[in-house]
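> everything below, folded, please.
(one chain, ligands or ions: 1)
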Amino acid sequence: MANNKYKFFILTGEPGVGKTTLTKKLSSAISSNGIKTAGFYTEEIRSSRIREGFDIVTFNGARARLARDECLLLPPIKHRVGKYGVLVEEFENLALPALQKPDSNEPQLLVIDEIGKMEFFSQRFKNAVKEIFSPTSDYIVLATIPVRMGDKVIETIRNHSQARVWMITKENRNTIHNEILKEMNKVFNIIVCKSY
Ligand SMILES: Nc1ncnc2c1ncn2[C@@H]1O[C@H](COP(=O)(O)OP(=O)(O)OP(=O)(O)O)[C@@H](O)[C@H]1O
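Below is the predicted model of the structure:
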């Protein structure tokens, strides 16, 4: 779609390919140009190189557990993805307030890394995501989604007319930020450039 101004910038790709790393690069480039960033990204938690789980981290540095290896959790574990138990309440307490509504006078980039299976155990988060990607939404969003997930909400995001989706691969992960920032420049009306 030539000359289209997208407002939903979506990264997808195989697990571990570098979506979070790229999300951090892009949001840092945007915020260093004076644009407010809100939302959260996901960080792996490792101990002696073993992955124990995932935290979410907001842009003001607050952190909450999203999931932990089930041997580290007390039963009952209600929601599982692989060997990880998902801590829905801890996730909601930090993630939901972080999905701030943009102020009409101040441009904002909302970062949601990621919109996936673990996060969707929270119905409240899923509802918030539906609202954020609704036709009347005022949000400008940088989000990550899994390559394979037959969820209706994820498919709506993937096929949204105002969304541009990039498939991140090991081959393009060090260069694709230029193309994404170029699209973001159109909606924020600024020139963001940064070399990494
Ligand atoms: N451009 C890159 N060059 C080298 N290593 C990278 C690059 N991007 C990411 N990595 C490394 O790959 C690993 C996974 O990166 P990252 O967490 O960004 O991937 P992801 O796609 O978000 O993963 P997940 O699917 O688990 O959310 C990390 O150890 C990170 O340091």
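> for the rest of this, base every contact and every neighbour count on C-alpha atoms.
OK.
> quick one: contacts of the lengthiest strand in the chain?
In the chain, with assignment by DSSP state E, the single longest strand is strand 36-47. Applying Cα atoms under 8 Å, 6 or more residues apart in numbering, the external contacts of strand 36-47 come out as 20, 23-24, 27, 30-31, 51-59, 95, 98-100, 106-114.
> same for the ligand: which of the residues you listed are within range?
When contact is defined as Cα under 6 Å from any ligand atom, the contacts of strand 36-47 meet the ligand at Thr20.
> after the longest strand of the chain, heading C-terminal, what element do we hit next?
strand 50-58 (DSSP states H and E).
> just the CA trace of that following strand, in PDB.
Output in PDB follows, covering the C-alpha atoms of strand 50-58 (Å, rounded to 0.1, in the frame of the first residue of the first chain):
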ATOM      1  CA  ILE A  50      19.600 -22.200  32.800                       C
ATOM      2  CA  ARG A  51      16.400 -20.400  31.800                       C
ATOM      3  CA  GLU A  52      14.200 -20.000  34.900                       C
ATOM      4  CA  GLY A  53      11.500 -18.000  33.300                       C
ATOM      5  CA  PHE A  54      10.500 -14.600  32.000                       C
ATOM      6  CA  ASP A  55       9.900 -11.100  33.500                       C
ATOM      7  CA  ILE A  56       8.200  -8.200  32.000                       C
ATOM      8  CA  VAL A  57       9.900  -4.800  32.300                       C
ATOM      9  CA  THR A  58       8.300  -1.400  31.900                       C
END
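> any idea how far Pro107 is from the residue in the chain sticking out farthest from the centre?
Going by Cα atoms, centre = their mean, the residue of the chain most distant from its centre is Pro75, 28.9 Å out. For Pro75, the distance to Pro107 equals 44 Å [Cα to Cα, to the nearest Å].
> same question for Ala67.
Between Ala67 and Pro107 the computed distance is 32 Å (Cα to Cα).
> show me the strands in this structure, by range?
Assigned by DSSP E, the strands in the chain fall at 8-13, 36-47, 50-58, 63-69, 80-81, 84-86, 108-112, 141-146, 163-167.
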